[in-house]
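[1] sequence first, then the predicted structure, then my questions.
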Amino acid sequence: MKRIKVFSVALALLVLAACGGSGSNDQAKPEEKTGIGRIAAERASEESRAVSPKAASGTSLRISAVRISPADLFANVDLNAEAQVVPPVPETIDFEYRWFVTNREVADAAGPTLAAGNFRKHQWVFCEARATSGKKVSDWLKSDFVRIANSPPQVESIRVENFTIPGQFRYQIKASDIDNDELTYELISPLDAGIELDKKSGLLTWQIDDKTIERLGETIVISLSVGDNDCQPTTGTLTLRFQKTIATKSP
């Protein structure tokens, strides 16, 4: 009796893009929506004027910029702020930081890092910094607003065991989304080979026989995508390689 088994299976998922998306209450910059940004700016100005006259007089300590990293801003990534001081830079200098999410100060974030969990996708974030060196105190300086982007779905690669032809091939795509968005699964190709992919569960099933392999070949590439309905989906391929084996009869 002739049997055909899977020789090897490889799954490679490549992120194509991650967009910010639209349709969120946090889409517009905070200062453009409610005027709260103006209030925050006035507060920072008042606090800078509240510095003791002795500290403010004759000081040359100034912050030139406050920059937020990394470049890819997702909900599961810590944000870091770096303040840059106008030269000459004192040998001893301390920095204070204040973080704001949609113009509301994060009370527990007093350092240069804003931990993931304090913000979600589509929200606007900025950081203010102030420098102190001895009796010299700089004004508060605000960074640019940055917007948290939509996170692409993450797909876990799983091992597929050998199976006999003719028979049914089953593959459960395991995916997750940092933003807890509902995921949608879609088959890209081949579309005319009888492959079925459940759009909600991600279960792929395929009834394979000898004629299928004769028509498509012993190496078959299945292309699929996983999306969160908010941006361009994550795409990848599932490659099946078949090897014919002859089952020996028991004596």
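    Received, thanks.
[2] for the protein, which residues score under the pLDDT cut-off?
    Low-confidence segments of the chain, defined by pLDDT under 70: 1-28, 30-59, 244-251.
[3] which ones are touching the residue most central in space within it?
    With the centre of the chain defined as its mean C-alpha position, the nearest residue by CA atoms, centre = their mean is residue 151, 3.3 Å away. Contact analysis of residue 151 by CB atoms under 8 Å, 6 or more residues apart in numbering lists 18, 74, 75, 76, 121, 177, 178, 179. No exception for glycine: its C-beta is placed from N, CA and C like everyone else's.
[4] how near is it to residue 177?
    Note on residue 151: its distance to residue 177, by CB to CB, to the nearest Å, is 7 Å.
[5] one more: residue 184?
    With CB to CB as the criterion, residue 184 and residue 177 are 11 Å apart.
[6] which one's more surrounded, these two?
    Looking at residue 184 and residue 177 with other CB atoms under 10 Å, you find the greater number of neighbours at residue 177, namely 19 against 15.
[7] ramachandran angles for that one?
    Note on residue 177: backbone dihedrals following degrees, to the nearest 10 are phi -140, psi 130.
[8] residues in a beta bridge with residue 221, which ones?
    As for beta bridges, residue 221 partners with residue 239 under DSSP bridges.
[9] tell me the domain ranges of this structure?
    Domain segmentation of the chain under automatic domain parsing yields 2-19+151-246, 30-147.
[10] residue 212 sits in which helix or strand?
    Assigned by DSSP states H and E, residue 212 belongs to helix 210-216.
[11] need the contact partners of that helix.
    By CB under 8 Å, 6+ apart, the residues outside helix 210-216 that reach it are 4, 165, 166, 190, 193, 194, 220, 242.
[12] identify each buried residue in it, please.
    Buried positions in helix 210-216, judged by neighbour count with 16 or more other CB atoms under 10 Å: 212, 213, 216.
[13] now do it: distance to the chain's middle.
    When C-alpha coordinates are averaged (CA atoms, centre = their mean, to the nearest Å), helix 210-216 and its chain have centres 40 Å apart.
[14] do stretch 130-149 as well
    The chain centroid and the centroid of stretch 130-149 are separated by 26 Å under CA atoms, centre = their mean.
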